[in-house]
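*Asks:* Mind folding the following:
(chains A, B, C and D)
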Number of protein chains: 2
Amino acid sequence: MAAMKNTITQAAIDLFFKKGYYATSISEIAGACGIQKASIYYHFASKEDLLFTIMHDTMAALTAYLRRNLERVSGIEKRMRRAVSCHVHFHLEHQKETFIASSELRGLCRSNYLEIVAMRDQYEGIFQELIAAGTRRGVFAPCDVKILSYAILTLCTAGAFWFKPEGRLTVDEIATIYENFIISGLKQGRIEPLPA
Amino acid sequence: MAAMKNTITQAAIDLFFKKGYYATSISEIAGACGIQKASIYYHFASKEDLLFTIMHDTMAALTAYLRRNLERVSGIEKRMRRAVSCHVHFHLEHQKETFIASSELRGLCRSNYLEIVAMRDQYEGIFQELIAAGTRRGVFAPCDVKILSYAILTLCTAGAFWFKPEGRLTVDEIATIYENFIISGLKQGRIEPLPA
DNA sequence: GTCTATACGATGATAGAC
DNA sequence: GTCTATCATCGTATAGAC
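*Replies:* Purely as a prediction, here's the structure:
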């Protein structure tokens, strides 16, 4: 990506994260890049195009990251643990982008909205398949797959709302807490408790 | 509350829920009430005042509802189940207001923001006390109280984002799913599994 | 309490020079 | 690729009549 285009994208990510999409103006973004607001339009067609690009790239990277990490993991419980861990890691390590991607859908026009939602549905589908496979094999208790997949994903996504990199816990510690909580919630007393 | 003030509040709730706070204009709200936009300012000092009122009243009602419902319930697990059930019921039965309260904090100035966040912290504190009491008595596994309270609350709050009143499941069914998931997650295999 | 009229600022976006 | 200049629009909010 061209240098300035990248600079603009990063400035937009910072500002959208800090102030929100609507509260951020094109001239603020330009100011943060040391250029005039008209110059933004050489690189992006519109403010929404900038938002859409951020969301699209983030969703694509998130999905690719999960797929890559699940490739060589087998066993339902291990795969689910890995999926949760990936979700948490990606969201906390790309906190700004994932925060924007999950809170600024309102800023998109219908066609862009549908495209991002389709990517999100595809990503959620990976978790839904894992849950369904787990219940089929009796590793997880029978459950409503859709509701629980939403629950699991939002629970972790929420981390991107309050996480502070310099905070009390590391990303790994947080991921482990979520993993254990979620696996226990899915098993509902089934099989043996986790080894201490 | 005076009739028109109430009409304005309801129109604002509908529009803020449907389009978002920033995307909703004062004249749209006025239009929905059949009055001119200037008339709004007789009832509310500003657009933000309207948002703040909605959030404040919602948080107050939510906290009162939880407190009232916990009054006569004893036993850690039963109290936690009741708390989760209340949280879910209130959020799904007041979907629009709770959606606004949890997604439009960005629209508040610093002092109003701090006031709403203080109310939210107080509400979260009730759950944190329940979790802490449960771990002290060994009903729940040792855990990070703050992280899990955030997890539990956001998980249920998220229901207000996708819930459709005419959907496949009733509020009670959804509440039960969340209750079981959360209690199992808190116990982490501790004590006996739930009776089938 | 509600109206009409208006002040005032900011915003996204475009035109055209360099 | 970036600039200056500007457009057109829309927003919140206020003043003052009724």
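*Asks:* Spell out which parts of chain A neighbour DNA strand C.
*Replies:* A:Thr24, A:Ser25, A:Ile26, A:Ser27, A:Glu28, A:Lys37, A:Ala38, A:Tyr41, A:Ala45, A:Ser46, A:Lys47, A:Glu48 (C-beta under 7 Å from any atom of the strand). Using the backbone N, CA and C atoms, a C-beta is placed for each residue, glycine as well.
*Asks:* Give me the buried entries from the residues you listed.
*Replies:* A:Thr24, A:Ile26, A:Lys47 (16 or more other C-beta atoms under 10 Å in any protein chain shown).
*Asks:* nearest residue to the last one other than its sequence neighbours?
*Replies:* It refers to A:Lys47. Closest residue to A:Lys47 apart from its sequence neighbours, by C-beta to C-beta, 6 or more residues apart in numbering or on different chains: A:Ile26 at 5.7 Å.
*Asks:* Look at the one you found and report its pLDDT.
*Replies:* Turning to A:Ile26, the model gives it a pLDDT of 98.
*Asks:* Then A:His87?
*Replies:* 98.
*Asks:* Okay, and it sits in which element?
*Replies:* Using DSSP states H and E, A:His87 falls within helix A:76-93.
*Asks:* quick one: the lengthiest helix in chain A to helix A:76-93, angle?
*Replies:* Scanning chain A for the helix with the most residues, using DSSP state H, yields helix A:110-136. Interaxial angle, helix A:110-136 versus helix A:76-93 (axes from the mean of the first three to the mean of the last three C-alpha atoms, to 10 degrees): 150 degrees.
*Asks:* where exactly do the helices run in chain A?
*Replies:* With DSSP H as the criterion, chain A has helices spanning A:3-19, A:26-33, A:37-43, A:47-70, A:76-93, A:95-103, A:110-136, A:145-157, A:159-162, A:171-187.
*Asks:* Distance to B:Arg136 added to these, as CSV?
*Replies:* Formatted as CSV, the helices of chain A follow (distance: least, C-beta to C-beta, whole Å):
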stretch, distance to B:Arg136
helix A:3-19, 38
helix A:26-33, 49
helix A:37-43, 56
helix A:47-70, 37
helix A:76-93, 27
helix A:95-103, 33
helix A:110-136, 32
helix A:145-157, 24
helix A:159-162, 25
helix A:171-187, 18
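*Asks:* Of all these, which one comes closest to B:Asn6?
*Replies:* helix A:95-103 (29.9 Å; C-beta to C-beta).
*Asks:* A:Ser85 contacts A:Ile177, correct?
*Replies:* No - between A:Ser85 and A:Ile177 there is no contact under C-beta atoms under 8 Å: 11.0 Å.
*Asks:* For burial, what's the neighbour tally of A:Lys18?
*Replies:* Per other C-beta atoms under 10 Å in any protein chain shown, the neighbour tally for A:Lys18 reads 10.
*Asks:* How confident was the prediction at it?
*Replies:* Reported pLDDT for A:Lys18: 98.
*Asks:* Buried residues, the helix or strand of chain A with the lowest mean pLDDT. List them.
*Replies:* Lowest by mean pLDDT, DSSP states H and E among the helices and strands of chain A is helix A:159-162, with a mean of 92. Neighbour counts over helix A:159-162 (16+ other C-beta under 10 Å) mark A:Gly159, A:Ala160 as buried.
*Asks:* contact partners of it?
*Replies:* A:Val88, A:His91, A:Leu92, A:Gln95, A:Thr98, A:Phe99, A:Ser102, A:Ile174, A:Tyr178, B:Tyr150, B:Thr154 (C-beta atoms under 8 Å, 6 or more residues apart in numbering or on different chains).
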